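fold the following for me, if possible:
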Amino acid sequence: MQTRSLVSQSDAPQLTGRRTRAALGIIIPTLQEASNIQVVLDRVRRSLDGLGIDYELLVVDDNSGDGIESIVSRIAAEDKRVRILVRNAQRGLSGAIFYGWQHTDAEVLGVIDADLQHPPEILPSLWKAIGEGNDVAVASRYAAADGMKEWNPLRRLLSRISTYLATPFQKKAIRIQDPLSGFFLVRRACLEGLQVQQQGFKILLEILVCGNVRSVAEVPFVFGQRAAGESKAGLSTGLNYLWLLRKLWHERKT
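Numbers count the residues shown, from 1 in each chain. This next block holds a predicted model:
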C-alpha cells in the first residue's frame, strides 16, 4: 500500500500573488460531486468570511469528468481563494487530501467532504478550538447526543465497530470519541514526516496515532444525509481500513 510523507512548511509551494501565508487551507476532495460543489463552496465561504482570516479552499478532484472542473474554475475566476487541482491517474480519499495539503502553504490545514454531510457552519467552532491552543480540532459525530440519528441502524453499527477497532491504537493522552471523522483542522507542524496511506479513507486516525499531536478538541455535530450523488463507500473502503490498522499495528511494534 503506497504511502507518502508531507512536505515541511518551509518546503511547501508558495502561492503566486500571495503576500502572506494563508492562515487556513481547507481541502475538499471530490469524485463525481459536480452537483454539490457550488453549494459546498458557497456555504464554506460564508462560514469563514466572518472570521477575518486569510484562507483558501482547494478542490482536489480525481478526474471525475462530470463538469466539476469548469464549475470550480468559474468560481475561482471570481474568488482567488478558490482553486481546483485535478489528479489524472490517482484515486483515494487520503491521497487526495494529502495532495491538496502539499499544494498550500497554510499554517492550519483542514478537510471537509463535498457531499454536505459535514455542515460547513461549524467551521468557526473548529477554528476557535485551534485558536485556543489545540493541535487538532475534530468535528465529532459521537460527541453529539444524536450525531448519527439520520443513519440507518446497520450503518451506525458498522461505524461503531470501526471506531471500536481504532481504540487500541489511539494515544491515551489524546484519545477521542470520533477518530475516524473526515471533517477536521490540524496544525501543519503536526504532520511533518508523517507517512500517509494514499488509498485510505481514515487519515485522521493516522494523524492521531503517528503525528506530532499533543492536544485535540472535539466539536459535536449531526452527520447529515448526502445531498446529491452516490456514496463512494464500499468493500474496498473496509479493506483499506483493515490494511491501515495492519500498518498502524506494525508501526507500533517497530
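
what about the chain, any weak spots by pLDDT?
Scanning the chain for pLDDT under 70 picks out 1-20, 144-152, 155, 197-201, 225-238, 250-254.

spatially central residue in it, please.
Computing the C-alpha centroid of the chain and ranking residues by Cα atoms, centre = their mean puts V111 first, at 2.8 Å.

doesn't Y99 make contact with that one?
No - at 11.5 Å, V111 does not count as touching Y99 under the criterion of Cβ atoms under 8 Å. Using the backbone N, CA and C atoms, a C-beta is placed for each residue, glycine as well.

just to revisit the earlier point, give me every residue that touches the residue nearest to the centre of the chain.
By Cβ atoms under 8 Å, 6 or more residues apart in numbering, the residues touching V111 are 26-29, 97, 100, 182-184, 203.

what's the answer for R83, then?
R83 makes contact with 56-59, 72, 76, 103, according to Cβ under 8 Å, 6+ apart.

strand partners of the host helix or strand of it, parallel vs antiparallel please.
Following DSSP states H and E, one finds R83 within strand 82-86. According to DSSP bridges, strand 82-86 has the following sheet partners: strand 55-61 (parallel).

whatever helix or strand comes next after the partner strand vs strand 82-86, what angle?
Moving toward the C-terminus from strand 55-61, the next helix or strand (DSSP H and E) is helix 68-78. For helix 68-78 against strand 82-86, the angle by axes from the mean of the first three to the mean of the last three Cα atoms, to 10 degrees is 150 degrees.

list the contacts for the residue nearest to Y55 when sequence neighbours are not counted?
Closest residue in space to Y55, ignoring its immediate chain neighbours: L24 at 4.2 Å, by Cβ to Cβ, 6 or more residues apart in numbering. Listed by Cβ under 8 Å, 6+ apart, the contact set of L24 reads 48, 53-56, 106-110, 127, 185.

picking that back up, give me the distance between the residue nearest to the centre of the chain and I176.
Separation of V111 from I176 (Cβ to Cβ, to the nearest Å) stands at 16 Å.

repeat that for P120.
Distance, P120 to I176, using Cβ to Cβ: 21 Å.

got it, and S140?
From S140 across to I176, the span is 7 Å (Cβ to Cβ).

just to revisit the earlier point, quickly list what the residue nearest to the centre of the chain is bridged to.
I27, F184.

mutual contacts of S140 and I176, please.
Common contacts of S140 and I176, defined by Cβ under 8 Å, 6+ apart, comprise E218.

what is the neighbour count of H103?
H103 has 17 neighbours, counted by other Cβ atoms under 10 Å.

do the same with the one 3 residues further on
Burial of A106, expressed as a neighbour count using other Cβ under 10 Å, amounts to 23.

and it, what are its phi and psi?
The phi/psi pair for A106 (degrees, to the nearest 10) reads phi -60, psi 150.
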